[in-house]
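**Q** Below: sequence and its predicted model.
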Amino acid sequence: MSKVRAEVVYALPQRQTVVAVELAHGATVYQAVMVSGIGRDHPELDLDNADFGIWGERVRADECVSDGDRIEIYRPLVADPKTMRRKRANLNRSGKRRRKG
């Protein structure tokens, strides 16, 4: 049976963890993450409810892994981007000048 090689990646502002894995053909993203053992290094991760991506594109946990994939574990957003844009726009309307440059 052929093997698939991939990387599982989890990034924090201060550091990045990259784990190379070798899996059976047909393995899923979730299986690759579990095989990587990345949950031991990052116990704060809720891997059962985490969002995943491959090369920057969001994928489901049951998606099959291809040879050479870079599987990314996404952190939850600290703030909703739409809400933050709205707050900045309201500040600009309230008379505060925008900084240039």
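**A** Looks like it arrived, so ask away.

**Q** Ile54 versus Ala89, what's the distance?
**A** According to CB to CB, to the nearest Å, Ala89 and Ile54 sit 34 Å apart. Glycine gets a C-beta too; all of them are placed from N, C-alpha and C.

**Q** These two: which is more packed in?
**A** Shown here are Ala89 and Ile54; by other CB atoms under 10 Å, Ile54 has more neighbours (18 against 10).

**Q** Quick check: phi and psi at that one.
**A** phi -130, psi 120 (degrees, to the nearest 10).

**Q** which residues touch His42?
**A** Applying CB atoms under 8 Å, 6 or more residues apart in numbering, we find His42 in contact with Tyr10, Thr17.

**Q** sorry, that was for Glu7
**A** Val18, Val19, Ala20, Val21, Asp69, Arg70, Ile71 are the contacts of Glu7 under CB under 8 Å, 6+ apart.
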